[in-house]
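Peer 1: Sharing a model prediction with you, sequence too.
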Amino acid sequence: MRVLAVVIRILKQFLHDKRTIALMIVAPIIVLTMLSLVFNGEELEVEIGVIDAPTSVIDMIDQENVSVIKLDSDINPEDRIKEENYDAILSFEEGKMNILLEGSDPSLSNGIINTIKQSSNTDTKSTPLSIEYLYGSQDMTTFDHFGPVLVGFFIFFFVFLIAGVSFLRERTQGTLERLLASPIKRSELVMGYVIGFGLFTTIQSSIIALYSIYVIDLKMEGSFMYVLLITVMLALSALTLGILLSAFAKNELQMIQFIPLVIVPQFFFAGLFNLETISDYLSWLGPLTPLYYGADALRDVMIRGQGFSEIWVDLLVLGGFSFVFIVMNVFALKKHRRI
Amino acid sequence: MTTNLIEAHVSKRFGKKTVLKDVAISLNKGEIFGLLGPSGSGKTTLVKLLCGIDEPSEGEVTVLNQKMPDLALIKRIGYMAQADALYHELTAKENLAFFASINGVKRTKRKERIQHVMKLVDLEDDLNKRVEAFSGGMKRRLSLAIALLHEPEILVLDEPTVGIDPALRNKIWETFETLRESGVLIVVTTHVMDEAERCSRLGMVRDGQLIASGTPDELKQETGASTIEHAFLSYGG
């Protein structure tokens, strides 16, 4: 009978917690839907530029999902890739075939090489082939490609959770009330959290970044200081978002329930999956997530070795997210004390 | 105008539920005002309104003729909630130091104040212990020490002595009486009848209404009861 009493009590607890019920049902549905859209979306369209190629070769590589664009012979292939969205440029010079790959996505690079090799095999076996990479190299592994995203993701994830839970505790253990019975301003409280956690996250970000670059040996072309700058800005947005969402959670469990709704989707748009293949129904969400910018900037620095001129927009957007979240936090605290 | 420190005439609703209905009290310097009433009668809501954490749905609370909530006035109030409101990962000293700086206790006075309040609650040997190692009564005492820390003119204490043994409770009440003599206003909610006897004035709260108020003797006379407990019961508490 005691067992039954416990069962009934647990069921009653659930019934009193509508949010948990909703999350237990709605969250898996949303995540599954997203996954299906992510994987069953549009096919990847590869763009290959060709210079001075024989028509036979163009016909061979011009398949479904590959668009071949003829380019003038006097252009610089490197500039073309940098400025436009070519994934590769194929050029012929004195009977030699050169492929210049954009190179930041190893699986895409290999796909292009295979397509071109197949087509040239059937044509003339004698055509020598040279392959060059604009960014990355043949040795670049898929993990190198995902690495920067994962670094950003894990920093974001843990900062979000820890900051959110600790601000929530402030409420559940009653210290928030005590603070609000003191002359502290709401904005002071929020800023205290931002700075306190900001300092802690700077250390945390440095350790994670150092570890991934020097221990895991992720590809690292750019400056470490830029990586640190990006991760700290990313962490700041995670921290402010975590604190903000903790206002909508009653306990730690509910805070954790935000993960599938807030954290996991960001993962999809951060570049683990090629963004061009994500269904249009979903792809608009990407630019609304902080991780999208953080991961983009990390890739620019770590894979492409780019500097401040390439990442400042991303940093600015991340700063903007944090600012908006801070302001919203100060307003959310109004619920507890008007002044 | 008057010497009244706090004037309140308030009603409070949460959604459709009326928690306080037309409660009017004025509180003076140098008194201990006890709020008595069954659980759920609205005592905690009332003290939260008094110290400016919450705002009334109707009416207002004024402290020193100024409308609450106001950050400058909040500074003059020491509040102790029913929850202990401590950071469990920190030591007692770290908790005290944190709230001392939040409440604007001067750096030079901080150490002396911390020693002083910890002695009052008999915890001076536990300063460097982490709060998570504290017993329930110790947490309660530390929480009280924090409320006393910045020498407020008004102390609002929600069941301050729950879980504290009689000897120490007596000592704490002696402290309250010393503070009262120095002009501090203390508002305290309690369930303990011998504490009620020690209050200068009492307010009986029931179903969100202040059904009676006066000195302990007045209340006893009014109901013809010999003890506060009987008086409390005859008001239907």
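Peer 2: Right, received. Where do you want to start?

Peer 1: For residue A:97, give me phi and psi.
Peer 2: The phi and psi values for residue A:97, taken as degrees, to the nearest 10, are phi -110, psi 120.

Peer 1: and the residue nearest to residue B:214 when sequence neighbours are not counted, what is it in contact with?
Peer 2: Spatially, and ignoring its direct neighbours in sequence, residue B:214 is nearest to residue B:201 (6.4 Å; C-beta to C-beta, 6 or more residues apart in numbering or on different chains). (Glycine included, C-beta is placed from N, CA and C.) By C-beta atoms under 8 Å, 6 or more residues apart in numbering or on different chains, residue B:201 lies in contact with B:31-34, B:213-215.

Peer 1: could you redo the last one with a cut-off of 7 Å?
Peer 2: Residues in contact with residue B:201 (C-beta atoms under 7 Å, 6 or more residues apart in numbering or on different chains) are B:31, B:33, B:213-215.

Peer 1: Any idea which residue of chain B lies closest to chain A?
Peer 2: Closest approach between chain B and chain A, counting by C-beta to the nearest C-beta: residue B:83, at 3.2 Å.

Peer 1: Isn't that residue up against residue A:175?
Peer 2: No. Counting by C-beta atoms under 7 Å, residue B:83 does not reach residue A:175; the two are 8.5 Å apart.

Peer 1: Quick check, central residue of the chain?
Peer 2: Assuming you mean chain A. Per C-alpha atoms, centre = their mean, the C-alpha nearest to the average position across chain A is that of residue A:270, at 1.9 Å.

Peer 1: The intended chain is chain B.
Peer 2: residue B:157 (1.7 Å).

Peer 1: Assumed that residue was part of a helix.
Peer 2: No. Assigned with DSSP: H, G, I helix; E, B strand; the rest coil, residue B:157 falls outside any helix and is strand.

Peer 1: Quickly list what it is bridged to.
Peer 2: Bridge pairing for residue B:157 (DSSP bridges) gives the partners residue B:80, residue B:188.

Peer 1: Please name the residues that touch it.
Peer 2: B:80, B:147, B:186-188.

Peer 1: Go again with 10 Å.
Peer 2: Residue B:157 makes contact with B:32, B:35, B:47, B:78-82, B:143-144, B:147-148, B:172, B:176, B:186-190 under the criterion C-beta atoms under 10 Å, 6 or more residues apart in numbering or on different chains.

Peer 1: what about residue 154, neighbour count?
Peer 2: Using chain A here. Residue A:154 has 14 neighbours, counted by other C-beta atoms under 10 Å in any protein chain shown.

Peer 1: try chain B instead
Peer 2: Counted with other C-beta under 10 Å, residues neighbouring residue B:154 total 22.

Peer 1: Tell me the residue of the stretch 1-150 of chain A that sits nearest chain B?
Peer 2: residue A:18 (16.0 Å).

Peer 1: Same question for the stretch 151-300 of chain A.
Peer 2: Residue nearest to chain B within the stretch 151-300 of chain A: residue A:174 (3.2 Å; C-beta to the nearest C-beta).

Peer 1: Check for me that residue A:140 belongs to a strand.
Peer 2: No. Assignment of residue A:140 by three-state DSSP gives coil, placing it outside any strand.

Peer 1: Neighbours of the closest residue in space to it that isn't next to it in sequence, how many?
Peer 2: Leaving aside its chain neighbours, residue A:140 sits nearest to residue A:106 (5.2 Å; criterion: C-beta to C-beta, 6+ apart). The tally of other residues near residue A:106 (other C-beta under 10 Å) stands at 21.

Peer 1: buried ones in stretch B:148-167?
Peer 2: Neighbour counts using 16 or more other C-beta atoms under 10 Å in any protein chain shown place B:148-161, B:164 of stretch B:148-167 among the buried residues.

Peer 1: quick one: the longest helix anywhere in chain B to chain centroid distance?
Peer 2: Longest helix in chain B, counting residues (DSSP state H): helix B:166-181. Remark: helix B:166-181 is offset 13 Å from the chain centroid, using C-alpha atoms, centre = their mean, to the nearest Å.

Peer 1: buried sites along that helix?
Peer 2: Using 16+ other C-beta under 10 Å as the test for burial, helix B:166-181 gives B:169, B:172-173, B:175-176, B:179-180.

Peer 1: now, among those residues, which is nearest to residue A:313?
Peer 2: Set against residue A:313, the nearest of the buried residues of helix B:166-181 by C-beta to C-beta is residue B:179 (59.7 Å).

Peer 1: ok, now which ones touch that closest one?
Peer 2: Listed by C-beta under 10 Å, 6+ apart, the contact partners of residue B:179 are B:30, B:32, B:78, B:120, B:148, B:151-153, B:155, B:185-186.

Peer 1: Which members of the residues you listed occur in helices, if any?
Peer 2: Per DSSP H, the contacts of residue B:179 map to helices at B:120, B:148.

Peer 1: Identify the farthest-apart pair in the contacts of residue B:179.
Peer 2: B:30 and B:120 (18.9 Å).

Peer 1: The two - which one has more neighbours?
Peer 2: The residue with more neighbours, out of residue B:30 and residue B:120, is residue B:120; 19 against 15, by other C-beta under 10 Å.

Peer 1: What does the pLDDT read for that one?
Peer 2: What the model reports as pLDDT for residue B:120 is 87.

Peer 1: pretty sure it contacts residue B:146?
Peer 2: No. Using C-beta atoms under 10 Å, residue B:120 is not in contact with residue B:146; the gap is 11.6 Å.
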